[in-house]
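Visitor: Mind folding the following:
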Amino acid sequence: MSIKNKPNSQKQMSFIEKARRAQIVECAIETIAEVGYAQASLGEIAKRANISKGVISYHFANKEELLEQITFEYYMAWQAYIVPRIEAQKSPKEMLQVYIESNLVFVDENRNHVFAVIEIVSNKRTADGKRFTEDHDETILLPIENILTLGMQEGVFREFTKTSARVMASTIRNAIDGFTIKLMSKPHLDVQEYIRELVIIFEKSTKK
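Guide: Predicted structure coming up:
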């Protein structure tokens, strides 16, 4: 499943039903982030939410549907945070800088949700054996490639071939993901210093 796809269980729901679903999702996020994917059973999630397992089953058909909701909400929150900040910039150089900055700040401010999604995508497989968000791997690089292309067109960035632009986009994305992994093991990491260094690195490596 691409994490852009909205789970099929979304129907017309009452305010109370929406609130209960949100509570379950939040408890699931906290549980997965704390104990990991394997230990985050529906029973454990229900225990932390102080509800019965049956309540979860009423709102979500199974654990997979709940995991889909977690990843879907993560993508929507990420998109709502990142996209407006990039679109507000006037130059490709500023766009790339803000892309890096806003991604790291988003991770820092949403640690549990991000860590839960990492656990899910690292362990979950679809029915055909693919990773949970394998279809998403390509599309997440497109915004970076678009910024690089615009920068070349405006003479701000050095020339990239289609292949080298993909390599640079992947490197930028991997650096952001690497920060996320580092933050999991070092929660007191100096985020602002990390941001400054990454911005400098990629400013120099893309400069014409």
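Visitor: quick one: S122 and Y37 touch, right?
Guide: Yes - with contact defined as Cβ atoms under 8 Å, S122 reaches Y37; the gap is 7.2 Å. For glycine as for every other residue, the C-beta is placed from the backbone atoms N, C-alpha and C.
Visitor: Tell me the first helix or strand C-terminal of the worst-scoring helix or strand of the chain on mean pLDDT.
Guide: Least confident helix or strand, the chain: helix 136-139 with a mean of 68, by mean pLDDT, DSSP states H and E. Once the chain leaves helix 136-139, the next helix or strand it forms, by DSSP states H and E, is helix 142-153.
Visitor: other SSEs contacting that next one?
Guide: helix 92-109, helix 162-185 (3 or more Cβ pairs under 8 Å, 6 or more residues apart in numbering; DSSP states H and E).
Visitor: and K63, how many neighbours?
Guide: K63 has 16 neighbouring residues, counting by other Cβ atoms under 10 Å.
Visitor: should've said V114
Guide: 21.
Visitor: cool, G43 as well?
Guide: 11.
Visitor: tell me the phi and psi of the residue of the chain positioned farthest from its centre?
Guide: Going by Cα atoms, centre = their mean, the residue of the chain most distant from its centre is G155, 30.9 Å out. Note on G155: backbone dihedrals following degrees, to the nearest 10 are phi 70, psi 20.
Visitor: So it is in contact with K207, correct?
Guide: No - using Cβ under 8 Å as the test, G155 is too far from K207 to be in contact (11.3 Å).
Visitor: May I ask you to confirm that S57 is in contact with L42?
Guide: Yes - using Cβ under 8 Å, S57 is in contact with L42, at 7.4 Å.
Visitor: Look at the two and report which has more neighbours.
Guide: Comparing S57 with L42 by other Cβ under 10 Å, the one with more neighbours is L42, at 18 against 14.
Visitor: Any stretches of this protein with poor pLDDT?
Guide: Scanning the chain with the threshold set as pLDDT under 70 gives 1-12, 125-138.
Visitor: ok, now with 80
Guide: Scanning the chain for pLDDT under 80 picks out 1-13, 124-138.
Visitor: Report the distance from stretch 159-177 to the chain centre.
Guide: 18 Å (Cα atoms, centre = their mean, to the nearest Å).
Visitor: pull the CA atoms of that stretch into PDB?
Guide: C-alpha atoms of stretch 159-177 as PDB (Å, rounded to 0.1, in the frame of the first residue of the first chain):
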ATOM      1  CA  GLU A 159      24.200  20.500 -14.000                       C
ATOM      2  CA  PHE A 160      22.700  17.100 -13.100                       C
ATOM      3  CA  THR A 161      21.800  14.300 -15.500                       C
ATOM      4  CA  LYS A 162      18.700  12.400 -14.800                       C
ATOM      5  CA  THR A 163      20.700   9.700 -13.000                       C
ATOM      6  CA  SER A 164      22.900  12.100 -11.000                       C
ATOM      7  CA  ALA A 165      19.800  14.100  -9.900                       C
ATOM      8  CA  ARG A 166      18.300  10.800  -8.600                       C
ATOM      9  CA  VAL A 167      21.500  10.000  -6.800                       C
ATOM     10  CA  MET A 168      21.600  13.500  -5.200                       C
ATOM     11  CA  ALA A 169      17.900  13.300  -4.300                       C
ATOM     12  CA  SER A 170      18.400   9.800  -2.700                       C
ATOM     13  CA  THR A 171      21.500  11.100  -0.800                       C
ATOM     14  CA  ILE A 172      19.500  14.000   0.600                       C
ATOM     15  CA  ARG A 173      16.600  11.800   1.600                       C
ATOM     16  CA  ASN A 174      19.000   9.200   3.100                       C
ATOM     17  CA  ALA A 175      20.600  12.000   5.200                       C
ATOM     18  CA  ILE A 176      17.200  13.000   6.500                       C
ATOM     19  CA  ASP A 177      16.300   9.400   7.300                       C
END
